[in-house]
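S.K.: Okay, predicted coordinates and the sequence, questions at the end:
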Amino acid sequence: MKKKINVYDMSGKVIAEESLPEALISKPLNRDVIYYYVNAYMANRRQGTSSSKTRGEVSGSGKKPWRQKGTGRARVGSSRTPLWRHGGIVFGPRPRDYSQSLPKKVKKSALREVLKDKMQEDRFALFAPEKMENPRTRVFVDFLKKTGYEKEKILFIFSNDKQNNMNLIKSLRNMNLVTYDFSNKLNAYEILRSDRVIAEKDVFGTIKGYLGEENGGRTI
């Protein structure tokens, strides 16, 4: 059996169909590998620069404010005590490295699984872009309205030829709920957080490669 995928033109009409072997996307999702990837991806985005000063780093004298006994006040040894305002912080955040490394096979597997997820739920489509002389956001606004996707988070995938696609990219760059990426830079997180993926027709071969078709359907 074949999985049918619609191909739209820029007016929002279905002009053709592409197909995928059902075996590529029929197996249950490996949710564990998606979890590991997203967990590492989010950790790698953390800067780890949060910092606070201990009582040894804040400004202030180390002199005892008053004598130990006889004043009627609580005993205190320094104005930098954590109990006082402007004192040091106890167990506060310190700079650290949150980064995690993942094997390449895990990254490839995660990308394959999220693409399968979108295709299984019929949330993957192709479009045949027209050449634009100037950026025109209205073209993509009308496209999403005609297809009924205007209220969804859309990820457009373009070929690696950024120069030829520049006017297309500029046309959708200022649209809410719309992001874009290139076929050689895809990551599982951006696909997962999108409601729908719409790829340029020319990159469908690359997408099939991510799904494992170059291995005869055998995943890696």
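M.R.: Structure's in. What do you need? Bear in mind that the values here come from a model prediction, so they are computed numbers and not experimental data. Residues are numbered from 1 along each chain as shown.
S.K.: Please pick out the residue of this structure most distant from its centre.
M.R.: residue 70 (62.9 Å; CA atoms, centre = their mean).
S.K.: Wait, a helix at it?
M.R.: No. Assessed by DSSP: H, G, I helix; E, B strand; the rest coil, residue 70 does not belong to a helix; its assignment is coil.
S.K.: Mind listing residues that contact the lengthiest helix in the chain?
M.R.: Ranked by residue count under DSSP state H, the longest helix found in the chain is helix 104-120. The contact list for helix 104-120, computed with CB atoms under 8 Å, 6 or more residues apart in numbering, reads 3, 5, 20, 24-25, 27, 29-31, 33-34, 36-38, 124, 186-188, 191-192, 194, 196-197, 207, 210-212, 219-220. C-beta coordinates here come from the backbone N, C-alpha and C atoms, glycine included.
S.K.: Let me see the confidence value for residue 116.
M.R.: At residue 116, the model reports a pLDDT of 95.
S.K.: how many other residues sit next to it?
M.R.: 23 (other CB atoms under 10 Å).
S.K.: cool, the one 3 residues further on as well?
M.R.: By the other CB under 10 Å criterion, the neighbourhood of residue 119 contains 20 residues.
S.K.: Am I right that residue 17 sits in a strand?
M.R.: Yes. According to three-state DSSP, residue 17 belongs to a strand.
S.K.: so what's residue 84 up against?
M.R.: residue 76.
S.K.: same deal with residue 202?
M.R.: Per CB under 8 Å, 6+ apart, neighbours of residue 202: residue 159.
S.K.: So what pairs up with the residue nearest to residue 2 when sequence neighbours are not counted in the strands?
M.R.: Among residues not flanking residue 2 along the chain, residue 19 sits closest, at 3.9 Å (CB to CB, 6 or more residues apart in numbering). Note on residue 19: beta-bridge partners residue 4, judged by DSSP bridges.
S.K.: wait, isn't residue 19 in contact with residue 3?
M.R.: Yes. Between residue 19 and residue 3 there is a contact at 6.4 Å, judged by CB atoms under 8 Å.
S.K.: quick one, which of those two is more surrounded?
M.R.: residue 3 (17 against 10).
S.K.: Only the buried residues of stretch 179-186, if you could.
M.R.: 180-183, 186 (16 or more other CB atoms under 10 Å).
S.K.: again with stretch 155-169
M.R.: Buried residues in stretch 155-169 (16+ other CB under 10 Å): 155-159, 165, 168.
S.K.: Near residue 178, how many other residues are there?
M.R.: 22.
S.K.: isn't it right up against residue 143?
M.R.: No. Under the criterion of CB under 8 Å, residue 178 is not in contact with residue 143, lying 10.4 Å apart.
S.K.: what residues go with each domain of this protein?
M.R.: 2-46+101-215, 47-97 (automatic domain parsing).
S.K.: deepest of those domains, which one?
M.R.: Mean neighbour count (mean count of other CB atoms under 10 Å) peaks for domain 2-46+101-215 among these, with a mean of 16.
S.K.: I'd like the distance from that domain to the chain centre, please.
M.R.: 12 Å (CA atoms, centre = their mean, to the nearest Å).
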